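*Asks:* Need a 3D model of the following:
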Amino acid sequence: MATAADGDDALLSGCDGVSLLAGRQRMVSFFQAGVYESMAAIYETMEQLDPDPELAFQAAAAEIAVALRLTRRAADAELSFALRLVRLPRVAQALTAGDIDLRRARTIVYCTSHLPEATARAVVA
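*Replies:* Next up is the predicted model:
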């Protein structure tokens, strides 16, 4: 029997191939959640150094842009999403668990971003 470690998905049965695909997507979600968690932690570190939220955001976005080779605009957008994800811990947990993918997490976060935090959390629940 072929395994995922063999590196040749064509050797897997159809069912095993689908299971492998689903497992890989769960792993991708797990790692993406970790990336956004790291971004939020960088912001928190910057906020400790400078309590002005705007300056902390700018400093964190600059660090993220360099680390990930992003444009400043892209880093701003990614950090903004990371901080919105912190606001909805159940969404972050679902992404980490692989229960949802990044597209679904973004949809939930952005569709609730206009709501007060307590209301957004209730919608997510």
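
*Asks:* When you work out contacts or count neighbours from here on, use the C-alpha atoms and nothing else.
*Replies:* Noted.

*Asks:* the helices in the protein, which residues?
*Replies:* 14-49, 53-68, 72-87, 89-97, 102-112, 117-124 (DSSP state H).

*Asks:* Grab the most central residue of this structure for me.
*Replies:* Geometric centre of the chain, nearest residue: A33, 3.6 Å, by CA atoms, centre = their mean.

*Asks:* Was I right to think that one contacts T96?
*Replies:* Yes - using CA atoms under 8 Å, A33 and T96 qualify as a contacting pair, with a distance of 5.2 Å.

*Asks:* Show me what counts as buried in stretch 101-120.
*Replies:* The neighbour-count criterion (16 or more other CA atoms under 10 Å) identifies D101, L102, A105, R106, I108, V109, T112, S113, A120 as the buried residues of stretch 101-120.

*Asks:* Can you add distance to L49 and pLDDT and give those residues back as JSON lines?
*Replies:* As requested, the buried residues of stretch 101-120 are exported to JSON lines (distance: CA to CA, whole Å; pLDDT from 0 to 100):
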{"residue": "D101", "distance to L49": "33", "pLDDT": "96"}
{"residue": "L102", "distance to L49": "30", "pLDDT": "97"}
{"residue": "A105", "distance to L49": "30", "pLDDT": "98"}
{"residue": "R106", "distance to L49": "29", "pLDDT": "97"}
{"residue": "I108", "distance to L49": "31", "pLDDT": "97"}
{"residue": "V109", "distance to L49": "27", "pLDDT": "97"}
{"residue": "T112", "distance to L49": "30", "pLDDT": "96"}
{"residue": "S113", "distance to L49": "27", "pLDDT": "94"}
{"residue": "A120", "distance to L49": "29", "pLDDT": "96"}
